[in-house]
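Colleague: Below are the sequence and a predicted model; questions follow.
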2 protein chains.
Amino acid sequence: MYNYKMIIKYDGTAYNGWQKQGNTKNTIQGVLEKSIYLVTGEKIEVHGSGRTDAGVHAMAQVANFKIDKLYDEEKLREKINRNIPDDICVEKLQKVAERFHSRLNAKGKKYLYRIQNSVESDVFRKNYKYHYDAELDLEKMKKASAYFIGEHDFKSFCSNKHMKKSTVRTIYSIEIKRDEKGELDILYYGNGFLYNMVRILTGTLIEVGRGDRKPEEMQEILEAKDRQAAGFTAPAHGLILMEVEY
Amino acid sequence: MYNYKMIIKYDGTAYNGWQKQGNTKNTIQGVLEKSIYLVTGEKIEVHGSGRTDAGVHAMAQVANFKIDKLYDEEKLREKINRNIPDDICVEKLQKVAERFHSRLNAKGKKYLYRIQNSVESDVFRKNYKYHYDAELDLEKMKKASAYFIGEHDFKSFCSNKHMKKSTVRTIYSIEIKRDEKGELDILYYGNGFLYNMVRILTGTLIEVGRGDRKPEEMQEILEAKDRQAAGFTAPAHGLILMEVEY
């Protein structure tokens, strides 16, 4: 039994998210498993570092799979890439220790949420940015984001009502910047994120930026431990998984 | 009567091309006319510098329209942009002399055809590049492209069988280059291009690059004045109108 680790880039626009479940055939995981089956004849299971929702993208998702035969890394990668659609690409593939598990061993993750904050859209990148044209106060958003840094119970920022496991996570940093063309980037770095957490944090920060909430309210929202206390869920297409750390 | 000139950027993926014709409602021209009507209440006609086919993009298409009332350029541009989808953007809008006509006054055009020439696709730009993974000999393609420079009858490179006007055009330059990631760019610069001409030139150059034709055959193809003599029509999504000169 050999264990292969992959780094995968994908445009999530056309997919029902990462995870294969029930009848959801159109998933990144499903496409990868099918391609690996076509190439090797082995029915394997691909384990991702975490799910991404429908429409969410990845610059470098990490996944691993165990397989009976030994394959040349570069040849296998090339063959998989020849058998998947153009919106998914295996950027790296390498044999790793048998104990490696992309989800269980993940120590940190970086997610980028992109907002195009201008009247004009970014025409050729419209599927990768949330186009929001009202004014946003960057300083207030930065002030609000400071409340999320550190270890907190992020239950208010989790869409999964039936979450039985711990909702405590640590956010190491949140960087917010805007370029001269109106692209507003929010880079989240933490040890892990709950279901929809980055999108709800972003929606809440947008509500602060437009003046509907005060930065100080963030403390109350965290304490409420209630999804209703937080802001809206920002659209999936602005979100991209940038990096998984081990 | 006032005459406004626009520079328009668009992602052609979702449209049936530039030109409104018959029942083709989903066109760039149609969307712009509808937006200008919503904003001004005036039913105007937008004249483009030329049609682009379904799926073809533009970095800077030029168009003009005549309208009864005088509008502030920047305000009008902003209102139009608020009323069009995110895959179209009016980048500039200015009042010009009444005699200006975007098509009749055009003196030159630049088109870029992008090929992703590698096993791996360019995931986030798949709609803007033709992914072609077999090997292409760049030197042979350059040698072949030299036959097209200057004034020629490009009848062999025109898809319109019922073309009654002259099929003589002048190509000033064709630049072919490839970057280290396998993006192969062909930049065409000429005084005008026939229906599908850039895509057929590209398809023919690809056939040279993969070894199916010799560079010297280009002379015979031009002389044949027959569409059947030339190569295949490269897919629309790799093509982008870069600039229109006046």
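Modeller: Perfect, I can see it now.

Colleague: is it true that A:I36 touches A:I80?
Modeller: Yes - with contacts counted by CB atoms under 8 Å, A:I36 reaches A:I80, the gap being 6.1 Å. (Each C-beta comes from the backbone N, C-alpha and C, glycine too.)

Colleague: Check which residues of stretch A:152-160 are buried.
Modeller: Within stretch A:152-160, the residues scored as buried using 16 or more other CB atoms under 10 Å in any protein chain shown are A:H152, A:F154, A:K155, A:S156, A:F157, A:C158.

Colleague: now for the residues you listed, which pair is the farthest apart?
Modeller: Greatest spacing in the buried residues of stretch A:152-160, by CB to CB: A:H152 and A:C158 (11.7 Å).

Colleague: returning to that earlier point: could you redo the buried residues of stretch A:152-160 as a markdown table and give each row pLDDT and secondary structure?
Modeller: Putting the buried residues of stretch A:152-160 into a markdown table (pLDDT from 0 to 100; DSSP: H, G, I helix; E, B strand; the rest coil) gives the following:
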| residue | pLDDT | secondary structure |
| --- | --- | --- |
| A:H152 | 98 | strand |
| A:F154 | 97 | coil |
| A:K155 | 96 | helix |
| A:S156 | 97 | helix |
| A:F157 | 97 | helix |
| A:C158 | 94 | coil |
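
Colleague: now, among those residues, which is nearest to chain B?
Modeller: The shortest separation between chain B and any of the buried residues of stretch A:152-160 is 27.3 Å, and it belongs to A:F157 (by CB to the nearest CB).

Colleague: So which bits of chain A are right by chain B?
Modeller: Residues of chain A lying near chain B by CB under 8 Å from any CB of the partner chain: A:9-11, A:57, A:78, A:81-82, A:86-89, A:91, A:119-121, A:123-126, A:128, A:131, A:133.

Colleague: What are the phi and psi values at the residue sitting furthest away from the middle of chain A?
Modeller: In chain A, A:K69 marks the outermost C-alpha relative to the chain mean, sitting 31.3 Å out by CA atoms, centre = their mean. The main-chain torsion angles of A:K69 are listed as degrees, to the nearest 10 and equal phi -90, psi 160.

Colleague: OK, contacts around it?
Modeller: Contacts of A:K69 were listed using CB atoms under 8 Å, 6 or more residues apart in numbering or on different chains, and they are A:Y2, A:T40, A:E42.

Colleague: Provide a ChimeraX selection command restricted to the buried entries of these.
Modeller: A single ChimeraX command suffices to select whichever of those are buried according to 16+ other CB under 10 Å:
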select /A:40
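
Colleague: Flag the shaky bits of chain A, pLDDT-wise.
Modeller: A:23-24 (pLDDT under 70).

Colleague: repeat that with 50
Modeller: Judged against pLDDT under 50, chain A has no low-scoring part.

Colleague: All the strands of it, residue numbers only.
Modeller: Taking DSSP state E as the criterion, chain A carries its strands at A:2-10, A:47-48, A:57-67, A:88-96, A:108-116, A:130-131, A:150-153, A:168-178, A:183-190, A:239-245.

Colleague: domains for chain A, by residue range?
Modeller: Taking automatic domain parsing as the domain assignment, the record places the domains of chain A at A:2-96, A:108-245.

Colleague: Distance from the shortest one to the middle of the chain?
Modeller: Put plainly, it is domain A:2-96. Computed by CA atoms, centre = their mean, to the nearest Å, the separation of domain A:2-96 from the middle of its chain amounts to 16 Å.

Colleague: Stretch A:187-205 now?
Modeller: Using CA atoms, centre = their mean, the distance between the centre of stretch A:187-205 and that of its chain works out at 9 Å.

Colleague: for stretch A:132-150, which positions count as buried?
Modeller: Of the residues in stretch A:132-150, those with enough neighbours to count as buried (16+ other CB under 10 Å) are A:Y132, A:D133, A:L136, A:K140, A:M141, A:K142, A:A144, A:S145, A:Y147, A:F148.

Colleague: so what's the second one closest to, chain neighbours aside?
Modeller: Using CB to CB, 6 or more residues apart in numbering or on different chains and skipping the chain neighbours, the partner closest in space to A:D133 is A:V119 (5.1 Å).

Colleague: again with the third one
Modeller: The shortest distance from A:L136 to any residue that is not its chain neighbour, by CB to CB, 6+ apart, is 3.4 Å, and that residue is A:G209.

Colleague: that older thread, is it possible to mark the buried ones in the residues of chain A next to chain B?
Modeller: For those, a burial check counting by 16+ other CB under 10 Å picks out A:9-11, A:57, A:78, A:81, A:86-89, A:119-121, A:123-126, A:128, A:131, A:133.

Colleague: Which of those fall in helices?
Modeller: The members of those that map onto helices under DSSP state H are A:E78, A:N81.

Colleague: which residues does A:E98 contact?
Modeller: When contacts are counted by CB under 8 Å, 6+ apart, A:E98 is found next to A:M1, A:Y2, A:N3, A:K66.

Colleague: And it, how close does it get to chain B?
Modeller: A:E98 sits at a distance of 28 Å from chain B (criterion: CB to the nearest CB, to the nearest Å).

Colleague: ditto for A:L194
Modeller: Distance, A:L194 to chain B, by CB to the nearest CB: 26 Å.

Colleague: Can you tell me which of the buried residues of stretch A:132-150 is nearest chain B?
Modeller: So of those, ranked by how close each gets to chain B (CB to the nearest CB), first place is A:D133, at 7.4 Å.

Colleague: Need phi/psi at the closest one.
Modeller: For A:D133, the backbone dihedrals are phi -100, psi 0 (criterion: degrees, to the nearest 10).

Colleague: for it, what are its contacts?
Modeller: Residues near A:D133 by CB under 8 Å, 6+ apart: A:N117, A:S118, A:V119, B:R82.

Colleague: Kindly report the same for A:G190.
Modeller: By CB under 8 Å, 6+ apart, the contact set of A:G190 is A:G108, A:K109, A:R169, A:T170, A:I171, A:Y172.

Colleague: What of A:G12?
Modeller: By CB under 8 Å, 6+ apart, the residues touching A:G12 are A:I28, A:T52, A:D53, A:A54, A:G55, A:V56, A:H57, A:A58, A:A236, A:H237.

Colleague: Spatially, what comes nearest to A:L222 if we skip its sequence neighbours?
Modeller: The spatially closest residue to A:L222, leaving aside those adjacent along the chain, is A:H152, at 5.4 Å (CB to CB, 6+ apart).

Colleague: Pairing partners for the one you found in the sheet, please.
Modeller: The bridge-partner assignment for A:H152, based on DSSP bridges, gives A:R169.

Colleague: residues touching it, list them.
Modeller: The contact partners of A:H152, taken as CB under 8 Å, 6+ apart, are A:V168, A:R169, A:T170, A:I171, A:L222.

Colleague: Dump those to TSV, plus neighbour count.
Modeller: What follows is the contacts of A:H152, written out as TSV (neighbours: other CB atoms under 10 Å in any protein chain shown):
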residue	neighbour count
A:V168	13
A:R169	19
A:T170	14
A:I171	22
A:L222	18
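
Colleague: Now flag whichever of those residues is closest to chain B.
Modeller: For chain B, the nearest member of these is A:I171. The distance, counting by CB to the nearest CB, is 26.3 Å.

Colleague: Look up how far chain B lies from the nearest residue to the closest one once chain neighbours are set aside.
Modeller: Setting aside the residues directly before and after it, A:I171 is nearest to A:G190 in space (CB to CB, 6+ apart), at 4.1 Å. To chain B, A:G190 is 24 Å away according to CB to the nearest CB.
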